[in-house]
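Participant: Provide a 3D model corresponding to the input given below.
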Amino acid sequence: MMRLKNQRRQGRDLTGATVVITGASSGIGEAAALAFAAAGSRLVLAARDEQAVEAVAAQCRAMGAQAMSVAADVTDLASVQALADEASAFGDGIDVWFSNVGIGAVGLYHETPMEAHEQVVRANLIGHMNDAYAALPIFLRQGRGTFINMISLGGFAAAPWAVAYSASKFGLRGFSEALRGELRRYPDIHICDVYPSFADTPGLRHGANYTGRRISAPPPVLDPVRIAMAVVDLARRPRPGVTIGAPAHGVRVLSALAPKLTAALGASFLGFYFRHARQTPLTHGNLFEPPLIPGGVHGGFAPVNRKATLALGVGLAAVGVAVLGVRARTGRAASA
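Facilitator: Next up is the predicted model:
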């Protein structure tokens, strides 16, 4: 009995499991590749930049893992289907697909080029739908498989100054929920979501910036290695979703109870920040081309502070509870 409990706690053995990771050339994708390599998985790593993703595959091979790299653009369905075919042949099927691509464009909605908004939605929503469209037929033939969507706290809290990002992440959460409903009759096929708070990755520096001001991540930020380990844990023990970081939990509570207040607070904070941040040139970033310098796992932002993270999360949750209490009292007064 004790051995069975330990097996349930540890989850599935990922040794030899074939894992596809899109957006694997830096940040959370690179961290996840290294984490799965440490678990003994067989890796198929994809990104637009062939040299950058091959460098990550080489790191995984140096750790003793089987790994191949594929140049692929998730906004192109044919490219993603070719990736799925190569991965299936390399691994005799696919066990896990980590749909990780995410880009952003920061700026007031009406001051950001519409082609930038469109590209964010193509990558962050259509790209993940393309991944699933290529992976699911393989999962259905096998009768098993785990599809993991990287979403972020942007999936349940609006992000002023990044409107297309919000649209894509809200849409991606709905896509996952609907897909889980369709696949309810297949107990060994799993759709999993990951909702981390801000992470110390190169993503913000790579993203498009139409504010004319330097962009940074609000502290405290998560170590992407922590997020990667949560992804590996989902592959071992699939479940609908995991929220990572106390701020993400706090924002989730507050946005559920007071979405208008959450958006207003976010807009006020960002407006204040951009008024005081130093000037920087406008840039399309990595929207239409891979970054010139991939960037590695970490972005060089402020290191995570566990106590500050917990305090912020508890504070946000407390605000949410207070809002709920005010609503309840208002409702009782109105019915009296």
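
Participant: what is the rounded mean pLDDT of the strand ranked longest in the chain?
Facilitator: The longest strand of the chain (DSSP state E) is strand 189-196. For strand 189-196, the mean pLDDT works out to 97.

Participant: try stretch 262-269
Facilitator: For stretch 262-269, the per-residue pLDDT averages 83.

Participant: how about it: buried residues?
Facilitator: Thr262, Ala263, Leu265, Gly266 (16 or more other C-beta atoms under 10 Å). (C-beta placed from N, C-alpha, C; glycine too.)

Participant: helix or strand right after the longest strand of the chain?
Facilitator: helix 203-206 (DSSP states H and E).

Participant: after that following helix, next one along is what?
Facilitator: Using DSSP H and E, the helix or strand that follows helix 203-206 in sequence is strand 208-209.

Participant: what's in contact with that next one?
Facilitator: Identification of contacts with strand 208-209 by C-beta atoms under 8 Å, 6 or more residues apart in numbering yields 103-107, 112, 116, 215, 280, 282-287.

Participant: so who does Gly207 touch?
Facilitator: Ile103, Gly104, Ala105, Val106, Ile215, Gly285, Asn286, Leu287.

Participant: from Gly145, how far out is the fourth one?
Facilitator: Separation of Val106 from Gly145 (C-beta to C-beta, to the nearest Å) stands at 35 Å.

Participant: which of the contacts of Gly207 has the most neighbours?
Facilitator: Counting by other C-beta atoms under 10 Å, Gly104 has the largest number of neighbours within the contacts of Gly207, with 27 neighbours.

Participant: how about the contacts made by the residue nearest to Gly203 when sequence neighbours are not counted?
Facilitator: Closest residue in space to Gly203, ignoring its immediate chain neighbours: Gly27 at 5.4 Å, by C-beta to C-beta, 6 or more residues apart in numbering. By C-beta under 8 Å, 6+ apart, the contact list for Gly27 reads Ala199, Thr201, Pro202, Gly203, Pro224, Gly295, Val297, Gly299.

Participant: how close does the nearest residue to the second one once chain neighbours are set aside sit to Ala33?
Facilitator: I take that to be Thr201. Once flanking residues are discounted, Thr201 sits nearest to Gly27: 3.5 Å by C-beta to C-beta, 6+ apart. Distance of Gly27 to Ala33, computed by C-beta to C-beta: 11 Å.

Participant: then Gly91?
Facilitator: In terms of C-beta to C-beta, Gly91 sits 15 Å off from Ala33.

Participant: tell me which of those two has more neighbours.
Facilitator: For Gly91 versus Ala33, the count of surrounding residues by other C-beta under 10 Å is larger for Ala33: 31 against 20.

Participant: was I right to think the more buried one contacts Ala47?
Facilitator: No: assessed by C-beta atoms under 8 Å, Ala33 is found out of contact with Ala47, at 10.3 Å.
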